[in-house]
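1. the sequence and its predicted three-dimensional model are supplied below.
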Amino acid sequence: MKVQLLEIAHARSGDKGDTANIGLIARKPEYYPILVREVTAERVKQHFAGICKGKVERFELPNLHSLNFLLYESLGGGGTVSLKTDPQGKTLSSALLRMQVEVDSL
């Protein structure tokens with residue numbers, strides 16, 4: 001079945017210049033393998049099509065049951081130069097949690 005990420009994870013986001021940083025944390029340790037399988041850099045890039053102009057990099061943090069994503073060229077130049085309403089990427093974590101993923105059961 002498909003569920004939104006918000007059912008199995010929570011997230012935080014921020015910025016460094018024009019790069020958004022999104023941390024995705026499994027709500028339970030048993031959900032972490034689902035995140036690893038379903039939330040690839042390619043899927044995140046596709047989910048943020050039109051926002052992320054550069055590449056997406058994924059880092060796995062198994063000891064924290066978390067993934068970290070860097071979305072390059074996604075903030076219109078960054079906080080001091082961007083005309084975007086969210087130049088620091090604070091709302092991107094909420095947007096990622098709307099992504100749907102496939103799970104066997106919860």
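-> Great, that's in hand.
2. run a quick neighbour tally on residue 41.
-> A count of neighbours around residue 41, defined by other C-beta atoms under 10 Å, yields 16. Every residue, glycine included, has its C-beta placed from N, CA and C.
3. give me the pLDDT for it.
-> Residue 41 carries a pLDDT value of 98.
4. low-confidence bits of the chain, can you list those?
-> 76-90 (pLDDT under 70).
5. helices along that one, start to end?
-> Counting by DSSP state H, the chain has helices at residues 32-38, 41-47, 92-96.
6. am I right that residue 69 is in contact with residue 58?
-> Yes - checked against C-beta atoms under 8 Å, the pair residue 69 and residue 58 is within contact range at 5.5 Å.
7. mutual contacts of the two, please.
-> Taking C-beta atoms under 8 Å, 6 or more residues apart in numbering as the contact criterion, the residues that touch both residue 69 and residue 58 are 41, 44.
8. which of the two has more residues huddled nearby?
-> For residue 69 against residue 58, the residue with the higher neighbour count under other C-beta under 10 Å is residue 69, and the figures read 25 against 18.
9. returning to that earlier point: out of the helices of the chain, flag the one nearest residue 21.
-> Closest approach to residue 21 among the helices of the chain (C-beta to C-beta): helix 92-96, 8.8 Å.
10. which strands and helices sit next to the closest one?
-> strand 9-16, strand 19-26, helix 41-47 (3 or more C-beta pairs under 8 Å, 6 or more residues apart in numbering; DSSP states H and E).
11. now distance to residue 92 too, for those, in TSV please.
-> Compiled in TSV, those are given as follows (distance: least, C-beta to C-beta, whole Å):
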stretch	distance to residue 92
strand 9-16	4
strand 19-26	5
helix 41-47	10
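12. among the ones you listed, which is the most enclosed?
-> Burial among the helices and strands packed on helix 92-96, expressed as mean neighbours by mean count of other C-beta atoms under 10 Å, is greatest for strand 19-26, which shows a mean of 22.
13. angle of it against strand 9-16?
-> Regarding strand 19-26 and strand 9-16, their directions subtend 160 degrees when assessed with axes from the mean of the first three to the mean of the last three C-alpha atoms, to 10 degrees.
14. I appreciate the help and will end here.
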